[in-house]
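> Mind folding the following:
(4 chains)
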Protein chains: 2
Amino acid sequence: MTADVPHQATTSRATDRPGDTSPFALGLLLRQAHWRAAAVMTEALRPLGIELRHFAVLIVLMDRGPTVQRDLAAATGSDKAGVMRVVDDLERKGLAVRKTIPGDRRVRVVEITPQGVELFDAAHVAAEPPAERLVAGLEPDEAERLKELLTRIAYPAGGEA
Amino acid sequence: MTADVPHQATTSRATDRPGDTSPFALGLLLRQAHWRAAAVMTEALRPLGIELRHFAVLIVLMDRGPTVQRDLAAATGSDKAGVMRVVDDLERKGLAVRKTIPGDRRVRVVEITPQGVELFDAAHVAAEPPAERLVAGLEPDEAERLKELLTRIAYPAGGEA
DNA sequence: ATTTCAACTGAGACCGTATCGGGTGAAATG
DNA sequence: CATTTCACCCGATACGGTCTCAGTTGAAAT
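Sure, this is the predicted structure:
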């Protein structure tokens, strides 16, 4: 008698569809949009023989230079064991190397190799067309605005306030 | 000699940080923003004893009413096996039930129970404060605009054109 | 010597894929 | 027209790979 037909009355409930005003709407939208973006990027990376998690590490290495594995784990948000395996892969492919630093034998600094930089640049070239298709429905200034708004969601002012 | 310091010159490379113009920037931003949203929502749902994937199914059940498992898989984006396990959980908790429909003995429609509806509404109440904190840095009209732009990324006009 | 912090390892949970056992409808066959 | 056969579909299960987490080892600092 109560739950029988799709009752969409009362207040406002999540529907996983456009035009939703429930508190879950933004999260669902982000999920769907991220899913699309991830699919596009994974596809762009596939011909190069790496996956997103590998590329995420390369990004950090390019951004920060030689980095300790523990920091890589923090920066990529993944587990330290996971980082280890990713670095294993990168090392096997000659895209990065582990180095021991002189005064400290327990740390291993991960460093990108010239081939790694090469692949990194190649990835950017390969990713541009798909990335443009992703924002095909938006005007250039709209895409900029979207990124600006997302930045404020992703990195709240003051760290976490 | 080549790759030694964080060289951030040449064109424009992904940095996993605000103000990035590389083709990967939008994807990285979406990832980070989605991560935040998912963390917030998972946290809001925890006291109720369910996770996001369970709630995703409940959303579909509320939106569409009794639904075949195959359609649930398609609607939530996950695969059949995953849906099965989630429905197992929901059934065990009394939030949903599997029913055989008269004319077709192979299909099992999943239906939300009154308790399921109860929890669904409770989730909305619990989720509102965290959801507002998520967009705390944005003006109300900015949040609306963000959702609108995200919708156009997540659901491209014409299905996929 | 003890504490601390790095990388690593192995056990367990988790997820997606492949496969199985029905069930249905329709076409083929007499 | 009745019956058999066949291709497909659904839900369920079994399996394999992946990721996660607690614990181990070894090095440095106090």
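
> make it CA atoms for all contacts and neighbour counts henceforth
Fine.

> Whether the one helix or strand in chain A whose mean pLDDT sits lowest contacts chain B - can you check?
Least confident helix or strand, chain A: helix A:25-45 with a mean of 92, by mean pLDDT, DSSP states H and E. Yes. Helix A:25-45 is in contact with chain B by C-alpha under 8 Å from any C-alpha of the partner chain, via A:Leu26, A:Gly27, A:Leu29, A:Leu30, A:Arg31, A:Gln32, A:Ala33, A:His34, A:Arg36, A:Ala37, A:Ala38, A:Met41.

> Which residue comes closest to the first one once chain neighbours are left out?
Going back to what we said before, that points to A:Leu26. Excluding the flanking residues, the one nearest A:Leu26 by C-alpha to C-alpha, 6 or more residues apart in numbering or on different chains is B:Lys147, at 6.4 Å.

> same check, this time on the fifth one
Distances taken as C-alpha to C-alpha, 6+ apart place B:His34 nearest to A:Arg31, at 6.0 Å, with adjacent residues excluded.

> So the one you found is in contact with A:Gly27, correct?
Yes. In this structure, B:His34 is within contact of A:Gly27 by C-alpha atoms under 8 Å, at 6.7 Å.

> List the residues that contact A:Glu51.
By C-alpha atoms under 8 Å, 6 or more residues apart in numbering or on different chains, A:Glu51 lies in contact with A:Thr42, A:Leu45.

> Skipping its backbone neighbours, what lies nearest the residue nearest the centre of chain A in space?
By C-alpha atoms, centre = their mean, chain A has its centre lying nearest to A:Ala56, at 6.6 Å. Once flanking residues are discounted, A:Ala56 sits nearest to A:Thr76: 6.5 Å by C-alpha to C-alpha, 6+ apart.

> Can you get me a residue count around the one you found?
By other C-alpha atoms under 10 Å in any protein chain shown, 16 other residues sit near A:Thr76.

> contacting residues around it?
Contacts of A:Thr76 (C-alpha under 8 Å, 6+ apart): A:Ala56, A:Val57, A:Val60.

> If we go by neighbour counts, what in whichever helix or strand the last one is part of is buried?
A:Val60 is located in helix A:52-64, with elements delineated by DSSP states H and E. Within helix A:52-64, the residues that count as buried by 16 or more other C-alpha atoms under 10 Å in any protein chain shown are A:Leu52, A:His54, A:Phe55, A:Ala56, A:Val57, A:Leu58, A:Ile59, A:Val60, A:Leu61, A:Met62, A:Asp63, A:Arg64.

> Let's see the pLDDT reported for the last one.
If I follow you right, that is A:Arg64. On the pLDDT scale, A:Arg64 is placed at 94.

> got it, and the fifth one?
The per-residue pLDDT reported for A:Val57 equals 96.

> That one and A:Asp71 touch, don't they?
No. Using C-alpha under 8 Å, A:Val57 is not in contact with A:Asp71, being 10.5 Å away.

> if we can go back for a sec, tally of neighbours for the residue nearest to A:Arg31?
Neighbour tally, B:His34, other C-alpha under 10 Å: 25.

> likewise the one 3 residues further on?
The burial metric for B:Ala37, expressed as a neighbour count using other C-alpha under 10 Å, is 24.

> measure it to DNA strand C for me?
Per C-alpha to the nearest atom of the strand, to the nearest Å, B:Ala37 is found 17 Å from DNA strand C.

> just A:Gly65 next, same as before
A:Gly65 sits 14 Å away from DNA strand C, taking C-alpha to the nearest atom of the strand as the criterion.

> And A:Pro23, by the same measure?
Plainly put, A:Pro23 is 23 Å away from DNA strand C if you go by C-alpha to the nearest atom of the strand.

> got a markdown table for the residues of helix A:25-45 next to chain B, with distance to B:Asp104 too?
Converted to a markdown table, these look like this (distance: C-alpha to C-alpha, whole Å):
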| residue | distance to B:Asp104 |
| --- | --- |
| A:Leu26 | 38 |
| A:Gly27 | 36 |
| A:Leu29 | 35 |
| A:Leu30 | 37 |
| A:Arg31 | 34 |
| A:Gln32 | 33 |
| A:Ala33 | 36 |
| A:His34 | 37 |
| A:Arg36 | 35 |
| A:Ala37 | 39 |
| A:Ala38 | 38 |
| A:Met41 | 42 |
